[in-house]
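Q: Provided below for reference: sequence and predicted model.
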Amino acid sequence: MCEIKPQGLTRRGALAGAAALPLVLGMGNPVSASPFDNLRSALDQAVTTGRVPGLVALVARGPDVWTHVAGVRDLDSGAAMQRDTLFAVASIGKPLTAVAALMLVQDGVLDLDEPVDRWLPELAEPQVLRQMDGALDDTLPATRAITLRDLLSQRMGLGIVFADMPLTRQMQALGVAPGPMIFGEDADTYMARLGSLPLAHQPGEAWLYHTGMDVAGVLVARASGMSLGEFQRRRIFAPLGMADTGFSGPADRLATQYSPNAETGALEHWNSASGEGFAQPPAFEAGGGGQVSTVDDYLAFGRFLLAGGMAGDQQVLSAELVNEMLRDQITPAQKAASPWFPPDFWDTHGWGLGVALRTAPENARGRFGWWGGFGTAFWCDPATDTVATLFTQRMMTAPDDAAFAEAFINAAFDAT
């Protein structure tokens with residue numbers, strides 16, 4: 001199924017396994033939908049070859065929207081994918097949590113650069129490992145407190161570490177290690193376990209992915225006096241018209257999640273639509289990526305950020321705070337101390353508050369968005385007022401699993 005309102009401005013890019021992919025979006029005289037044929041064919045090929053069970057793609061430039069839907073949301077039942085299918089969006093939920101926290105900054109309840117101890121006493125007076133791979137009791141006091149900016153910029157001192165060492169083993173034993181499994185108990189238990197751990201780095205010293213955003217979600221809940229999901233529904237989703245976004249959704253609209261077999265590449269069932277964590281309200285609302293949503297809801301969210309915090313005629317979040325969210329917060333020294341993948345990630349990316357930023361090449365500078373480990377992608381381009389999303393239900397289990405989605409995003413953005 002495709003829907004298009006093309007009006008004259010030609011754009012193109014390259015998608016792996018396909019020829020140049022012209023996208024016709026913008027304003028001017030009506031044109032044929034044929035420039036979308038290569039893009040549509042490449043997306044369909046990903047389904048017919050079994051790379052993904054199904055997908056929903058959307059590209060919007062200003063008011064003009066193109067979508068494509070292919071495949072199934074569940075391999076066993078054969079239920080067809082629909083434009084409004086709900087996907088577990090994983091880490092592209094991080095900017096939703098960042099916006100929620102920044103709303104509390106706007107309200108004067110929180111401050112980006114003040115300690116979070118008042119709301120998160122579990123993190124008061126943290127201890128820091130003398131060496132990252134050292135014993136858990138070989139620590140020294142933190143040189144300063146953890147702030148909200150540390151959480152949103154991923155510099156709190158805890159997060160993903162791709163190494164087998166005492167800290168990572170203890171995080172796994174406590175169930176708080178970042179990964180596809182969402183923490184199964186409540187937020188207070190999560191914070192108590194996290195607070196029992198030393199930090200891997202001094203606050204603000206290095207970028208470690210993920211954990212800060214789950215903590216930021218707890219902070220929003222405690223500081224607002226309501227659950228993270230309720231706060232986001234009232235303050236973000238309702239004004240933006242994001243009616244399908246939350247921490248659970250009806251099973252008959254959820255896409256079943258699949259993971260590729262490490263040896264054969266065959267897609268194996270990982271989590272059914274009616275399984276725990278998505279069809280029922282979870283015990284822990286994970287701000288780092290526990291939400292479900294649709295491509296159209298993320299279009300609304302992208303337009304809101306591109307408009308500097310405006311939703312219709314309402315200034316939902318100040319332009320100043322949106323600008324701060326989209327400013328690279330990571331210094332060159334911190335990037336050098338923060339390995340990520342691909343190895344040249346920091347050559348072309350930065351990190352704002354809850355969202356990645358493109359810093360190179362020149363034609364990509366200023367773009368913002370992120371990838372979700374359950375197979376989702378969401379990126380925005382202020383230079384062309386473009387929002388691009390690709391939602392699939394194939395989990396990312398290897399560094400190159402984002403290549404197909406990244407090629408699609410580039411095809412959506414790259415100008416002729």
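A: Alright, I've got the coordinates.

Q: Enumerate every residue touching the spatially most central residue of the chain.
A: Centroid check for the chain by C-alpha atoms, centre = their mean gives residue 92 as the closest residue, at 1.5 Å. Residue 92 is in contact with 289, 298, 369-372, 376-378, counting by C-beta atoms under 8 Å, 6 or more residues apart in numbering. Yep, even glycine has a C-beta here, placed from its N, CA and C like the rest.

Q: The same query, at a cut-off of 6 Å, please.
A: Residues near residue 92 by C-beta atoms under 6 Å, 6 or more residues apart in numbering: 370, 372, 376, 378.

Q: among the residues you listed, which two are most distant?
A: The distance between the two most remote of the contacts of residue 92 (C-beta to C-beta) is 9.0 Å, for 370 and 376.

Q: Pull the contacting residues for residue 150.
A: 156, 203-204.

Q: So it, which state does it fall into?
A: Per DSSP: H, G, I helix; E, B strand; the rest coil, the secondary structure class of residue 150 is helix.

Q: Just give the closest residue to it, not the sequence neighbours.
A: residue 156 (4.5 Å; C-beta to C-beta, 6 or more residues apart in numbering).

Q: Distance check, the one you found against residue 326.
A: Distance from residue 156 to residue 326, counting by C-beta to C-beta, to the nearest Å: 20 Å.

Q: So which of those two has more stuff around it?
A: Neighbour tally, residue 156 and residue 326, criterion other C-beta atoms under 10 Å: the higher count belongs to residue 156, 29 against 21.

Q: quick one, phi psi at the more buried one?
A: phi -80, psi -20 (degrees, to the nearest 10).

Q: what residues are up against it?
A: Residue 156 neighbours (C-beta under 6 Å, 6+ apart): 146, 150, 212.

Q: In the stretch 101-250 of the chain, what residue spans correspond to strands?
A: 127-129, 139-141 (DSSP state E, counting those that start in this stretch).

Q: and residue 395, which of those is closest to it?
A: Checking these against residue 395 by C-beta to C-beta gives strand 127-129 as the closest, at 30.7 Å.

Q: Can you list the low-confidence ranges for the stretch 101-250 of the chain?
A: Counting by pLDDT under 70, the stretch 101-250 of the chain has no low-confidence residues at all.

Q: Neighbours of residue 399, how many?
A: Count around residue 399 with other C-beta under 10 Å applied: 12.

Q: Next: the one 5 residues further on.
A: Close neighbours of residue 404, defined as other C-beta under 10 Å, add up to 23.

Q: right, and out of the contacts of residue 156, which lies closest to residue 187?
A: Residue 187 lies nearest to residue 212 out of those, by C-beta to C-beta, at 14.7 Å.

Q: quick one, what contacts the closest one?
A: Residue 212 sits next to 151, 154, 156 when contact means C-beta under 6 Å, 6+ apart.

Q: Check which helices and strands the helix or strand that contains residue 411 sits against.
A: Secondary structure from DSSP states H and E places residue 411 in helix 403-413. Applying 3 or more C-beta pairs under 6 Å, 6 or more residues apart in numbering; DSSP states H and E, we find helix 403-413 packed against strand 376-381, strand 386-392.

Q: try 7 Å this time
A: strand 9-14, strand 20-25, strand 376-381, strand 386-392 (3 or more C-beta pairs under 7 Å, 6 or more residues apart in numbering; DSSP states H and E).
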